[in-house]
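K.L.:
Structure, please.
(one chain, ligands or ions: 2)
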Amino acid sequence: MSKIFDVIVIGAGPGGYIAAIRAAQLGFNVACIDEWKNDKGGPAPGGTCTNVGCIPSKALLQSSEHFDHAGHQFAEHGIGLSNLKIDVAKMVGRKDSVVKQNNDGILYLFKKNKVSFFHGRGAFVNAADGLYEVSVTGAVKESLTAKHVVVATGSSARALPGAAFDEERILSNDGALRIAAVPKTLGVIGSGVIGLEMGSVWRRLGAEVTILEALPNFLGAADEGVAKEALKAFTKQGLRFEFGAKISEVKTGKKSVTVAYANAKGEALTLEVERLIVSIGRVANTVGLNPEAVGLQLDERGAITVDADCKTNLPNVWAVGDAVRGPMLAHKAEEEGVAVAERIAGQHGHVDFNLVPWVIYTSPEIAWVGRTEQQLKAEGVAYKAGQFPFLANGRARALGDTTGFVKFLADAKTDEILGVHIVGPMASELVAEAVVAMAFKASAEDIARICHAHPSLSEATKEAALAVDKRTLNF
Ligand code: FAD
Ligand code: NAI
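P.N.:
Ligands and ions are numbered 1, 2, ... in the order given. Reported below is the predicted structural model:
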């Protein structure tokens with residue numbers, strides 16, 4: 001007998017579990033299905049983000065940053081250390097316990113909100129009389145039926161052709177987060193977000209890291225000024241970049257991996273490393289979902305086709321997060337999950353894609369919201385720019401972290417903020433003020449006139465807003 005629900009959510013990553021909770025808050029009887037297993041075979045809801053993405057990567061970034069500070073910055077504070085060591089097993093164990101706290105937290109939230117959780121793989125079976133049947137294959141097999149289905153099946157790492165992930169030598173994000181000992185040499189394919197974050201972790205712990213990037217330039221999605229400043233900082237830290245690299249072959253040996261590639265000049269080169277992280281983007285998960293059973297449409301890249309409201313080609317079937325178009329970010333998935341639950345309830349859930357912030361958790365951190373200077377130029381928008389360096393910020397000096405700047409871009413006529421770009425300490429937190437300001441259509445002058453605590457990094461934000469009108473006070 002099929003169990004009847006109002007809403008079935010397939011996937012319990014940030015898109016799915018948040019959609020399930022919001023739908024339950026709105027009074028629906030909700031089932032959420034997720035197949036992720038922990039090391040004991042039990043449920044591990046939270047998806048890529050919790051298990052092998054946002055959370056574990058930030059845990060390792062934190063541990064490795066402490067190690068880096070202890071080795072390179074403590075001395076200037078008068079703190080002496082001898083015999084500094086890293087216990088990788090302990091560091092990875094701590095990361096695993098942070099992940100588990102988050103898995104358990106989601107199970108608790110499901111209980112609290114009366115979401116019925118099913119551990120196993122969800123697959124469409126059929127559609128009849130306005131209802132969808134979804135099977136769950138796990139320890140036991142179940143059949144669930146509902147009028148509404150939200151697909152939130154997420155994404156998986158894209159492999160290089162001919163170089164499948166073995167998670168031993170050729171690593172996806174999964175293997176990159178559980179390397180057992182610091183490799184002497186680490187190769188990274190792709191200088192995107194994962195390459196930079198994971199490359200930073202293992203570089204800080206002592207690996208010699210080389211990043212091969214196909215494109216001729218660095219971080220094309222970021223503001224050019226920010227990308228330039230960040231590249232300078234990363235290179236100084238010891239990350240080695242090769243842009244315009246064309247990879248021809250990856251060969252795995254017993255103790256190393258060899259990558260054959262041509263550099264930007266067309267010279268044939270090889271890179272031999274102990275481990276290789278391949279971070280060249282991700283592909284939507286639909287394997288095992290059985291979309292054909294109900295005629296759910298996928299696009300040419302295998303993602304689920306949706307409109308701006310996350311509606312698929314099927315009535316009452318919705319899709320959110322990494323499985324659909326748009327940036328592959330946890331907070332974008334969450335916002336879509338909330339909006340879909342509200343639309344199912346007949347409300348007007350809304351996601352403003354222009355106000356989705358980006359953060360790269362390197363050191364310096366990189367964060368932005370809105371349009372870049374190069375985008376505004378390409379669109380022919382008349383704008384004013386204002387920039388303030390952390391070097392002139394008292395809190396940054398006290399922290400000993402003065403790399404980078406905050407940059408404001410505002411409409412030349414109306415002064416409305418069009419983009420804010422930050423490279424520097426705690427950029428991930430500072431960007432929130434910019435998102436709020438832009439959501440309320442603030443002008444640069446609005447931010448410049450607000451009292452910011454002293455001494456704080458946020459004063460750099462205020463000063464960058466003042467810089468738009470060429471009247472910084474501390475620079
Ligand atoms: P997912 O999190 O991928 O969850 C999908 C879930 O559905 C998974 O649990 C999967 O097992 C399950 N599933 C799939 N198919 C089925 C099926 N048929 N039946 C049952 N279950 C199924 N984003 C940020 O915003 N900030 C960050 O700092 C950040 N760091 C990242 C670091 C790394 C290393 C990686 C890889 C990603 C990072 N991301 C980050 C991206 C973020 O993880 C994703 O954007 C986010 O997880 C997408 O959420 P989702 O719910 O769409 O999918
Ligand atoms: P990415 O899209 O950020 O970067 C991939 C890079 O690989 C690009 O620079 C691309 O030009 C390059 N590339 C592609 N094919 C290549 C090839 N054959 N050889 C060499 N280089 C090649 O993808 P990444 O780093 O895999 O991350 C996937 C997604 O996960 C990100 O786009 C982001 O959405 C999400 N993520 C977000 C984080 C955050 O918000 N802090 C952290 C980590 C991941």
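K.L.:
I'd like the distance between A444 and L239.
P.N.:
Applying C-beta to C-beta, to the nearest Å, the value for A444 to L239 is 34 Å. Heads up, the C-betas are built off the backbone N, CA and C, glycines and all.
K.L.:
Please disregard the earlier target; I meant K90.
P.N.:
Separation of K90 from L239 (C-beta to C-beta) stands at 25 Å.
K.L.:
Which one's more surrounded, these two?
P.N.:
L239 (21 against 10; other C-beta atoms under 10 Å).
K.L.:
Up against ligand 1, what does the stretch 351-475 of the chain have?
P.N.:
Y361 (C-beta under 6 Å from any ligand atom).
K.L.:
need the residues of the stretch 351-475 of the chain near ligand 2, please.
P.N.:
Contacts of the stretch 351-475 of the chain with ligand 2, taken as C-beta under 6 Å from any ligand atom, map to V359, I360, Y361.
K.L.:
Next: the stretch 51-200 of the chain.
P.N.:
Residues of the stretch 51-200 of the chain lying near ligand 2 by C-beta under 6 Å from any ligand atom: L160, I189, G190, S191, G192, V193, I194, G195, E197.
K.L.:
out of the residues you listed, who's nearest A448?
P.N.:
V193 (31.1 Å; C-beta to C-beta).
K.L.:
Pop out the phi and psi values for the residue of the chain found nearest ligand 2.
P.N.:
Among the residues of the chain, G192 lies nearest to ligand 2; the distance is 1.8 Å by C-beta to the nearest ligand atom. The phi/psi pair for G192 (degrees, to the nearest 10) reads phi -90, psi -160.
K.L.:
can you count the residues close to the closest residue in space to it that isn't next to it in sequence?
P.N.:
Closest residue to G192 apart from its sequence neighbours, by C-beta to C-beta, 6 or more residues apart in numbering: S279 at 6.0 Å. Neighbour count of S279, defined by other C-beta under 10 Å: 24.
K.L.:
Spell out which parts of the stretch 101-250 of the chain neighbour ligand 1.
P.N.:
Residues of the stretch 101-250 of the chain lying close to ligand 1 (C-beta under 6 Å from any ligand atom) are R121, G122, A152, T153, G154, S155, N173, I194.
K.L.:
Same list (these) but as JSON lines, adding pLDDT.
P.N.:
Output for these, formatted as JSON lines (pLDDT from 0 to 100):
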{"residue": "R121", "pLDDT": "98"}
{"residue": "G122", "pLDDT": "98"}
{"residue": "A152", "pLDDT": "98"}
{"residue": "T153", "pLDDT": "98"}
{"residue": "G154", "pLDDT": "98"}
{"residue": "S155", "pLDDT": "98"}
{"residue": "N173", "pLDDT": "98"}
{"residue": "I194", "pLDDT": "98"}
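K.L.:
what sits up against stretch 449-457?
P.N.:
Outside stretch 449-457, the residues within contact range by C-beta atoms under 8 Å, 6 or more residues apart in numbering are 390, 393-396, 398, 424-426, 429-430, 458-459, 461-462.
K.L.:
Stretch 55-67 too?
P.N.:
46, 49, 84, 86, 91-92, 94-96, 98-99, 102, 173, 177, 194, 197-198, 200-202, 204-205, 361-363.
K.L.:
switch the cut-off to 6 Å
P.N.:
I86, M91, K95, V98, V99, N102, L177, E197, V201, R204, L205, Y361 (C-beta atoms under 6 Å, 6 or more residues apart in numbering).
K.L.:
distance of T402 from H452?
P.N.:
T402 is 18 Å from H452, where distance means C-beta to C-beta.
K.L.:
same thing with G71?
P.N.:
Counting by C-beta to C-beta, the separation of G71 from H452 is 33 Å.
K.L.:
can you map out the helices along the stretch 201-350 of the chain?
P.N.:
Per DSSP state H, counting those that start in this stretch, the stretch 201-350 of the chain carries helices over the ranges 224-237, 330-344.
K.L.:
Now mean pLDDT, mean neighbour count and distance to T414 too, for those, in CSV please.
P.N.:
Below are those laid out as CSV (pLDDT from 0 to 100; neighbours: other C-beta atoms under 10 Å; distance: least, C-beta to C-beta, whole Å):
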stretch, mean pLDDT, mean neighbour count, distance to T414
helix 224-237, 98, 18, 23
helix 330-344, 98, 23, 27
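K.L.:
Quick one: closest of these to A23.
P.N.:
That would be, of the helices of the stretch 201-350 of the chain and by C-beta to C-beta, helix 330-344, which comes in at 4.0 Å.
K.L.:
So which other helices or strands are in contact with that closest one?
P.N.:
Applying 3 or more C-beta pairs under 6 Å, 6 or more residues apart in numbering; DSSP states H and E, one finds that helix 330-344 contacts helix 14-25.
K.L.:
orientation of the helix it packs on relative to helix 330-344 in degrees?
P.N.:
Using axes from the mean of the first three to the mean of the last three C-alpha atoms, to 10 degrees, the direction of helix 14-25 lies 30 degrees away from that of helix 330-344.
K.L.:
Look up the closest residue to A345, ignoring the ones flanking it.
P.N.:
Excluding the flanking residues, the one nearest A345 by C-beta to C-beta, 6+ apart is L26, at 4.3 Å.
K.L.:
thought the one you found was touching G346?
P.N.:
No - between L26 and G346 there is no contact under C-beta atoms under 6 Å: 9.4 Å.
K.L.:
higher neighbour count, the two?
P.N.:
For L26 and G346, the more surrounded residue by other C-beta under 10 Å is L26, and the numbers stand at 16 against 7.
K.L.:
now the more buried one: how far from N113?
P.N.:
For L26, the distance to N113 - C-beta to C-beta - is 10 Å.
K.L.:
and what of G41?
P.N.:
25 Å.
K.L.:
Tell me which of the two has more neighbours.
P.N.:
Neighbours per residue, other C-beta under 10 Å: of G41 and N113, the larger number sits with N113, 16 against 9.
K.L.:
and L107, that's in a strand?
P.N.:
No - with DSSP: H, G, I helix; E, B strand; the rest coil as the criterion, L107 is helix rather than part of a strand.
K.L.:
residues in contact with the closest residue to E133 other than its chain neighbours?
P.N.:
Leaving out its chain neighbours, the residue that sits closest to E133 by C-beta to C-beta, 6+ apart is V125, at 4.1 Å. Residues counted as contacts of V125 (C-beta under 6 Å, 6+ apart) are E133, S135, A293.
K.L.:
I'd guess V125 is in a strand, am I close?
P.N.:
Yes - looking at V125 with three-state DSSP, it is inside a strand.
K.L.:
Please name the nearest non-neighbouring residue to the spatially most central residue of the chain.
P.N.:
With distances taken as C-alpha atoms, centre = their mean, the residue of the chain nearest its centroid is L329 (4.6 Å). In this structure, L329 finds its nearest non-sequential neighbour in V356, 6.4 Å apart by C-beta to C-beta, 6+ apart.
K.L.:
what's the burial count for that neighbour?
P.N.:
V356 has 16 neighbouring residues, counting by other C-beta under 10 Å.
K.L.:
Surely it is in contact with A330?
P.N.:
No - contact criterion C-beta under 6 Å: V356 and A330 do not qualify, at 10.7 Å.
K.L.:
can you pull the buried residues of the helix or strand hosting K58?
P.N.:
Element membership for K58, per DSSP states H and E: helix 54-72. For helix 54-72, the buried set under the neighbour-count rule, 16 or more other C-beta atoms under 10 Å, comprises 54-57, 59-65, 67-69.
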